[in-house]
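Asks: return a 3D structure for these sequence lines:
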Amino acid sequence: MASASTVPRRSRSSCSTASCRASTEAGNGAGCRMFMSARRSAHCSDLLSGMAACADSGRSLRRNPISSLMGAARSSKCAEAAALLAEEQAAQEVARAAAAQEAIEQNAQNQTQGGGSGGSSNPGNPGVEPPYNAVTGNAVVDRAYSYVGNAEYVWGACAPGQFDCSGFVSYCLTGSYSRLGSTYTFLGWSEVYEPRPGDIAVNEAHCGIYIGGGQMIHAASPGQGVVVGGVQPGMIYVRY
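Replies: Okay, here's the model as predicted:
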C-alpha cells in the first residue's frame, strides 16, 4: 500500500515539475520571441531612418553641386560687375579732371589773348558773358567752368561777369542771372552723402559748385573772382 501511494505522489510531482518546466519554457520562449521581435522592430526602424537620411543626403548631394555652382557664378559675376563699375568710375573721374584742366587752360589762353595782364589776380570782365564751353556734358558744371577767370567777385551781384558766391551758384544751377537765395537757402535743401558734379558745396559762410575730386568752382573773394578750389572744411553737399 505504501508503495502504491508513493508512486502516484512521484507521478504527480513529476507531472507537476514537467508541467512547470514546460510552462516556464513556453513562457521563456514567448519572452524571447517578444524580445527578439522588439529588437528586430527597433533595428528595422533604425534602418528605415538611416535609409531616409541617406536618401535625403543623396538628394542634397544631387542639388548642392548645382546650387554651389550657381552661387559661385553669381559671386563671380558680382565681383566682375564691381570691378567694372570701379573702372568706369575711375575713368569718369579721370575724364572730369582732364576736362577741368582743359577748361582752366582754355580760360587762361583766352585771358592771355585778350591782353589781360596786370597786378590784379581778378581777370573778370564785368558785363560780358563768356561763351558756353561744354567740356563735361554737365550743364551746371560747364556754366561754372565758363566763368573760371572770367568774372569778378561783387557782393550781392548775380550778373554777367559779376557774382558773389550764392549769386554764382544760382546762375550755374538755372542758367539765368536770377538769385535763388543765399547760403542759408541752400542749407535748407536736402543733403546728399554721395555728391556728384553739379551738386552744391555749402556752409553758413560760403558755397560753390562741386566738380568732383574734392574740388569746387566758386566766386571766392574780391581780387580772386571765380576760381577752382578745394571744398572747405565743414561744408555739406546739397542737390538742386
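Asks: mind listing the residues bridging to Asp208?
Replies: For residue 208 the amino acid is Gly, not Asp. Beta-bridge pairing of Gly208 under DSSP bridges involves Ala201.
Asks: just the pLDDT at it, thanks.
Replies: Note for Gly208: predicted pLDDT of 98.
Asks: do Ala201 as well
Replies: As predicted, Ala201 sits at a pLDDT of 98.
Asks: so what's it up against?
Replies: By C-beta atoms under 8 Å, 6 or more residues apart in numbering, the contact list for Ala201 reads Pro195, Cys207, Gly208, Ile209, Tyr210, Met216, His218, Val231, Gln232, Met235, Ile236, Tyr237. All C-beta atoms are positioned from the backbone trio N, CA, C, and that covers glycine.
Asks: roughly how far does it sit from Ile236?
Replies: Distance of Ala201 to Ile236, computed by C-beta to C-beta, to the nearest Å: 8 Å.
Asks: picking that back up, top of the contacts of Ala201 by neighbour count?
Replies: For the contacts of Ala201, neighbours were counted using other C-beta atoms under 10 Å, and His218 has the most, 32 neighbours in all.
Asks: helix or strand: which one has it?
Replies: Secondary-structure element containing His218, defined by DSSP states H and E: strand 215-219.
Asks: what is the subsequent helix or strand relative to that strand?
Replies: Immediately after strand 215-219, counting by DSSP H and E, sits strand 226-230.
Asks: how about that next one: buried residues?
Replies: Within strand 226-230, the residues that count as buried by 16 or more other C-beta atoms under 10 Å are Val226, Val227, Val228.
Asks: for the spatially closest residue to the last one that is not a sequence neighbour, list each beta-bridge partner.
Replies: It refers to Val228. Nearest non-adjacent residue to Val228, counting by C-beta to C-beta, 6 or more residues apart in numbering: Ile217, 5.4 Å away. On the basis of DSSP bridges, Ile217 is bridged to Ile209, Val228.
Asks: going forward, count from 767.
Replies: Let's use 767 as the start, then, which means that last one is Ile983.
Asks: start to end distance for stretch 958-968?
Replies: End-to-end span of stretch 958-968 (C-alpha to C-alpha, to the nearest Å): 12 Å.
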